[in-house]
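[1] predicted model, plus sequence, below.
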Amino acid sequence: MASQGVNVLRYSALVGGIFYGLWHQSALNTQAKQAEHDREYKHKESLIQKAKAEWAKKNAPPDTKSGLVTDPEDPRFDLEKFLIAKAEEK
């Protein structure tokens with residue numbers, strides 16, 4: 001039969017292993033939650049960046065070629081520049 005010292009050592013190792021396992025599992029769960037949070041944050045951040053780019057594209061001022069205004073109702077419209085640009089296109 002095993003002595004009392006050996007039994008105390010065995011059960012101490014068993015209890016210590018159980019507590020270590022619980023602590024280690026808790027640490028792994030915490031890391032997994034943090035990784036999920038980081039992935040979610042990066043996903044939201046990329047969606048925000050895409051939305052900002054789309055908004056900038058949608059609300060960008062109309063692109064004018066070398067300052068040429070083609071709208072005759074615009075006060076900056078210059079008929080001479082418009083005719084010269086049309087002649088150069090052909």
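    Arrived safely, thanks for sending. Numbers count the residues shown, from 1 in each chain.

[2] which stretches in this protein count as helices?
    Counting by DSSP state H, the chain has these helices, from start to end: 4-58, 79-89.

[3] just send those helices back as CSV, with mean neighbour count, mean pLDDT and distance to residue 70 too.
    Glycine gets a C-beta too; all of them are placed from N, C-alpha and C. Below are these laid out as CSV (neighbours: other Cβ atoms under 10 Å; pLDDT from 0 to 100; distance: least, Cβ to Cβ, whole Å):
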stretch, mean neighbour count, mean pLDDT, distance to residue 70
helix 4-58, 10, 96, 20
helix 79-89, 10, 87, 6
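
[4] in CSV: those helices, plus distance to residue 71.
    Below are those laid out as CSV (distance: least, Cβ to Cβ, whole Å):
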stretch, distance to residue 71
helix 4-58, 19
helix 79-89, 10
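
[5] nearest to residue 68, of those?
    helix 79-89 (5.3 Å; Cβ to Cβ).

[6] nearest to residue 67, out of the helices of the chain?
    helix 79-89 (8.2 Å).

[7] and that closest one, how far out from the chain middle?
    46 Å (Cα atoms, centre = their mean, to the nearest Å).

[8] other SSEs contacting it?
    Counting contacts by 3 or more Cβ pairs under 8 Å, 6 or more residues apart in numbering; DSSP states H and E, helix 79-89 is packed against no other helix or strand.

[9] please save the CA atoms from it in PDB.
    Backbone C-alpha positions of helix 79-89 (Å, rounded to 0.1, in the frame of the first residue of the first chain) are rendered in PDB as follows:
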ATOM      1  CA  LEU A  79     -18.000  79.300 -76.300                       C
ATOM      2  CA  GLU A  80     -14.600  79.900 -77.900                       C
ATOM      3  CA  LYS A  81     -12.800  77.300 -75.700                       C
ATOM      4  CA  PHE A  82     -15.700  74.900 -76.200                       C
ATOM      5  CA  LEU A  83     -15.500  75.200 -80.000                       C
ATOM      6  CA  ILE A  84     -11.800  74.800 -80.100                       C
ATOM      7  CA  ALA A  85     -12.000  71.700 -77.900                       C
ATOM      8  CA  LYS A  86     -14.600  70.100 -80.100                       C
ATOM      9  CA  ALA A  87     -12.600  70.900 -83.200                       C
ATOM     10  CA  GLU A  88      -9.500  69.200 -81.700                       C
ATOM     11  CA  GLU A  89     -11.500  66.000 -80.800                       C
END
